[in-house]
Structures are given as C-alpha cells and as structure tokens.
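**Q** Have a look; sequence and predicted model below, questions after that.
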Amino acid sequence: RLPRGLDAAASVAASLAFARRAVALGPGEPQPLNRLALALIDDGDLRRRRGEDPRPPLREALRGLEELLRRDPSWVDAHLTVGVASSRIADWERDHGIDPVASFERAIASYERIAGVYPRWTVPHSNLGAVRTDLGRYLLEHGRDPGTLLDRAAESQRRCLAVNPRSRRAHNNLGWALRVAADAARVRGDDPTEALDGSAAAFRAAIDLDPRHTLAWVNLGEVERTRAEHLLGPPGDDAPLAPEKRSAFDRAAEESRGAFRRAAELDPKYADAWYGLGEIGRVVAERFLRDGSDPGAAAADALRSLGQALKLNPDWAGIHWEVGRVHLLLARRRNATDRGPSEPLAKAAAAIEKAVALDAAFVDALASRGEVELLRAREARARGRDAASALSAAEAWIGKAEAINPREPYLRSLRAALVAAREPSHGR
C-alpha cells in the first residue's frame with residue numbers, strides 16, 4: 001500500500017520500486033514480471049503527459065514480457081499486457097510522424113491470441129476492436145486501404161455486446177469503428193449514411209447507459225457534424241444546399257450542437273466539446289455562405305468556441321486548423337465583395353501554419369494552406385496583379401499533402417481548382 005497524498009510521479013516511482021524488488025525476490029516468477037510491466041506502462045503514460053518520449057519504459061516492459069512468454073507461452077496476462085504496451089507505443093509513434101503499423105499489428109496479434117481462446121472474455125475483444133479501428137484510421141489518413149480492418153473492428157465490439165449488452169465502452173468503441181468506416185466510405189466515393197446511422201445509434205446506446213458519459217456525447221456530436229457536412233456536398237462544391245436536404249441538414253446540425261453543448265455542460269474544461277462546437281459552427285456558416293446569407297454570426301460563434309478550446313489545449317493542431325478554416329470561409333465571402341479577402345486570408349494562413357508547426361504530417365492543414373494561396377491568386381487577378389507566386393505556393397502546399405494522402409477528396413478538389421486556375425482563360 002502506498003502512502004496517502006503521493007502525487008502521480010511519486011506513486012509511479014514507488015510502484016516501480018516495489019515491482020522491481022518483487023522481481024528480484026522471485027526471479028522468473030510470472031506475476032511479479034507482469035506487475036513490473038504494468039508499472040512501466042504507468043511510467044510511460046506519465047512521461048507522455050509530460051511531453052516526453054514514453055517508449056523507453058514501454059520497451060523495457062516488452063522485453064520482460066517476451067522473456068516471460070518464452071518460458072510460458074500460455075501466460076494470458078502477459079499477452080494482454082503486450083497488447084497494451086504495444087498500442088501505447090503505436091499511439092505515440094502515430095502522433096509524432098513515425099509509422100506505427102508494426103506496433104499496431106503487434107498489439108492486434110496479442111489480443112487475437114487471447115480472444116481466440118477466450119471468446120466470452122470481453123476485455124481482449126474490446127481492446128482488439130479499438131486497436132483495429134486505430135490502425136484502420138491511420139491507414140485511411142495516409143492514403144492506404146484499410147481493407148476489412150474496420151468491419152472486423154466493429155465485429156469485435158459486437159462480440160463484447162453479445163456477452164455484456166450494458167458495456168458502455170463497447171457501445172462507444174462500436175460507434176467509433178463505424179464513424180471511421182463512414183470516412184472510408186466517403187474516400188471511396190460511397191454513401192456514408194448507413195455507417196453514420198449505426199455509429200450514432202451506438203453512441204446513443206452508451207449515453208442511455210450513462211447520461212453523463214461526456215466522450216459519448218462528443219462522439220455523437222462528431223457523427224452528426226459529419227452527417228451535416230456530407231449533406232452539404234463534396235469539398236469544393238459551392239452550390240446552395242438542395243431544398244430536399246435542408247431539413248435533414250438543420251436536424252443534423254442541431255443534434256450536433258446539442259450533443260457538444262451537453263458535453264461542455266458536463267465538463268466545462270473538456271476541450272473536445274468546445275472544439276466540436278467550433279466545428280459545427282463553421283459547418284453552419286458554410287451553409288449560410290452557400291445559400292447567399294451572411295455567415296458572420298455563425299462564424300463568430302465558431303471562433304468563440306474554438307478560442308475556449310485553445311485556452312484549454314493550446315497545442316492541439318486540429319483547433320488551430322479549424323480556426324484557419326473559419327477565416328478561410330470569411331475570405332471566400334469577402335472575395336465576392338469590394339473589401340477583398342486579404343485580412344481573413346492572413347489570419348487563416350497564420351492559424352493553419354501553427355497547426356502544421358505542431359503536426360508536420362497534418363494532411364488537411366497542408367491542403368487548407370494550399371487553399372489560402374489559391375484564394376490569394378484569385379484576389380491578385382481580381383486586382384490586375386500577377387498570380388504566379390501564389391499559384392506556385394499553392395502547388396507546393398498541395399503537393400506536400402498529396403505526398404502523404406493522395407486519396408483525400410478535399411485534395412482532389414483543390415488539385416482540380418489549381419489546374420483550372422492555371423488555364424490560359426484565367427489571364428494574369
């Protein structure tokens with residue numbers, strides 16, 4: 001038992017000391033080795049929260065577990081802990097521009113081994129589904145085909161729910177697997193509605209089990225925001241919303257806002273909730289812009305929510321990118337007026353460059369920075385100036401994004417716009 005009042009660092013240090021002593025007293029005993037590995041995982045989590053590299057203790061944990069499994073390949077707890085440590089390494093690699101596929105696959109192999117032997121033990125099935133989803137999402141974001149990973153991820157969560165229908169974790173994980181499957185459908189050019197419907201139903205089931213489940217509220221808001229964007233049409237389509245889709249859009253937007261607001265009410269310091277409110281505010285502003293209405297109020301609401309999110313998490317690249325997208329939208333509005341888009345374009349460029357500085361492989365941010373240059377080229381031509389430098393800059397930014405994920409639909413629309421902007425009919 002640890003003394004009361006220890007902070008996290010002291011607790012982890014004490015846990016490691018006791019675990020190492022236990023291993024020394026019982027060399028080769030499996031339980032102390034597994035306990036030491038769990039303490040090393042805690043140390044890795046603590047290092048990651050400090051912004052440090054968590055891999056040294058995680059790799060030490062894996063080395064000990066490998067030695068244990070060489071002596072006794074049937075030790076179930078060790079396989080489970082290998083999966084946890086490997087997935088932690090994969091998460092860090094993904095977030096720092098290192099290919100995490102091998103680490104994800106190692107975690108999957110460990111969980112599959114246990115899940116195959118214990119079909120009614122929900123923990124390995126739930127972890128297996130979550131890691132499959134994370135790997136599928138990574139492959140999708142980097143222009144690689146996730147194959148059947150997302151279908152198998154959903155199946156893992158359904159197996160958990162067959163054993164325990166009241167598992168809010170399995171409902172939430174199922175919703176997330178289907179949410180990523182909707183993204184995969186969008187990339188293929190298929191209709192994501194079925195996957196979005198299933199995802200929303202899973203998150204609502206988690207909320208029914210626990211109405212204070214803030215993560216499920218945020219995830220539900222994200223699904224309905226995605227649905228609203230889908231109803232708007234593909235990226236680069238500036239046409240007004242079709243009348244038959246307006247009521248569906250309004251319903252999805254309101255459900256998204258309501259879910260994010262509920263999460264913010266439950267936890268005012270939850271940055272994801274404020275970020276989500278900013279996202280859906282930007283989508284609503286986009287709808288107003290396409291319909292020829294003034295998007296200013298919706299854009300201002302979005303920026304206020306994103307500002308609150310930045311106060312809570314100033315190093316989240318996605319928030320800076322979303323701020324840039326709002327200013328891009330305002331620049332598109334000004335592009336059709338005599339005021340010109342220079343001021344919002346400058347703000348958009350600054351915000352997006354912060355996002356890229358925090359995550360150099362952020363495809364959407366790189367693409368949005370290219371869109372800034374396309375709008376600058378359009379402004380230059382409108383004022384009778386040479387647009388060549390802006391078009392060259394657009395080519396560079398879009399090319400960087402395409403090198404990471406050429407399948408992204410947003411990029412395809414920007415590439416088409418860049419090709420059109422270089423046509424001779426555009427003049428200087």
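**A** Thanks, I have the structure now. Residues are numbered from 1 along each chain as shown.
**Q** Can you pull the poorly scored residue ranges out of the stretch 251-400 of the chain?
**A** 334-341 (pLDDT under 70).
**Q** Let me see the ranges of the helices in the stretch 251-400 of the chain.
**A** For the stretch 251-400 of the chain, the helices defined by DSSP state H, counting those that start in this stretch occupy 271-290, 296-312, 317-335, 342-358, 363-382, 388-404.
**Q** who wins for proximity to L418 among those?
**A** Among these, the nearest to L418 by C-beta to C-beta is helix 388-404 (5.6 Å). The way it works is simple: take the backbone N, C-alpha and C, and place the C-beta from them, glycine included.
**Q** Give me the buried positions along that closest one.
**A** Judged by neighbour count (16 or more other C-beta atoms under 10 Å), helix 388-404 contains these buried residues: A390, L391, A393, A394, E395, W397, I398, K400, A401, E402, I404.
**Q** Now do the contacts for the last one.
**A** So that's I404. Going by C-beta atoms under 8 Å, 6 or more residues apart in numbering, I404 touches H142, G143, A361, V363, L366.
**Q** between these, which is nearest L149?
**A** Of all the contacts of I404, L149 sits closest to H142, with 13.4 Å by C-beta to C-beta.
**Q** Figure out which of the helices of the stretch 251-400 of the chain is closest to L38.
**A** Per C-beta to C-beta, nearest to L38 of these: helix 271-290, 27.5 Å.
**Q** circling back: could the buried residues of helix 388-404 go into JSON lines alongside distance to D134?
**A** Formatted as JSON lines, the buried residues of helix 388-404 follow (distance: C-beta to C-beta, whole Å):
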{"residue": "A390", "distance to D134": "38"}
{"residue": "L391", "distance to D134": "37"}
{"residue": "A393", "distance to D134": "34"}
{"residue": "A394", "distance to D134": "32"}
{"residue": "E395", "distance to D134": "33"}
{"residue": "W397", "distance to D134": "27"}
{"residue": "I398", "distance to D134": "27"}
{"residue": "K400", "distance to D134": "24"}
{"residue": "A401", "distance to D134": "22"}
{"residue": "E402", "distance to D134": "24"}
{"residue": "I404", "distance to D134": "18"}
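**Q** Spatially, which two of those are the most separated?
**A** Of all pairs in those, the most separated under C-beta to C-beta is A390 and I404 at 22.4 Å.
**Q** Please identify the helix or strand for L80.
**A** helix 76-95 (DSSP states H and E).
**Q** for the helix or strand following that helix, what is the average pLDDT?
**A** Next along the chain after helix 76-95, taking DSSP H and E as the criterion, comes helix 101-117. Averaging pLDDT along helix 101-117 gives 95.
**Q** again with stretch 147-163
**A** When pLDDT is averaged along stretch 147-163, the result is 96.
**Q** Which parts of that stretch count as buried, going by neighbours?
**A** By neighbour count on 16+ other C-beta under 10 Å, the buried set for stretch 147-163 is L149, L150, D151, R152, A153, A154, E155, S156, Q157, R159, C160, L161.
**Q** same check, this time on stretch 83-103
**A** Across stretch 83-103, burial judged by 16+ other C-beta under 10 Å covers 83-94, 100, 103.
**Q** quick one on the thing from earlier: got TSV for the helices of the stretch 251-400 of the chain, with distance to R169 too?
**A** Formatted as TSV, the entries for the helices of the stretch 251-400 of the chain read as follows, by distance: least, C-beta to C-beta, whole Å:
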stretch	distance to R169
helix 271-290	17
helix 296-312	24
helix 317-335	24
helix 342-358	29
helix 363-382	29
helix 388-404	32
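**Q** between those helices, which gets nearest to A78?
**A** Of all the helices of the stretch 251-400 of the chain, helix 271-290 comes closest under C-beta to C-beta, at 33.8 Å.
**Q** just how off-centre is that closest one within its chain?
**A** Helix 271-290 sits 16 Å away from the centroid of its parent chain (C-alpha atoms, centre = their mean, to the nearest Å).
**Q** and E395, what does it touch?
**A** By C-beta under 8 Å, 6+ apart, the contact list for E395 reads G370, L418.
**Q** no no, Y275
**A** Y275 neighbours (C-beta under 8 Å, 6+ apart): S305, L306, A309, W316, G318, I319, E322.
**Q** ok, now which ones touch the fourth one?
**A** W316 makes contact with A271, Y275, A309, L310, L358 under the criterion C-beta under 8 Å, 6+ apart.
**Q** any idea which of those is the one closest to E244?
**A** Y275 (30.7 Å).
**Q** how much space is there between that closest one and A109?
**A** 34 Å (C-beta to C-beta, to the nearest Å).
**Q** looking at the contacts of I404, which has the most residues close by?
**A** L366 (27 neighbours; other C-beta atoms under 10 Å).
**Q** what about V117, how many neighbours?
**A** Counted with other C-beta under 10 Å, residues neighbouring V117 total 12.
**Q** Same question for A228.
**A** Neighbours of A228 using other C-beta under 10 Å come to 27.
**Q** check contacts around the closest residue to it other than its chain neighbours.
**A** Nearest non-adjacent residue to A228, counting by C-beta to C-beta, 6 or more residues apart in numbering: A252, 4.2 Å away. The contact partners of A252, by C-beta under 8 Å, 6+ apart, come to E224, R225, R227, A228, L231.
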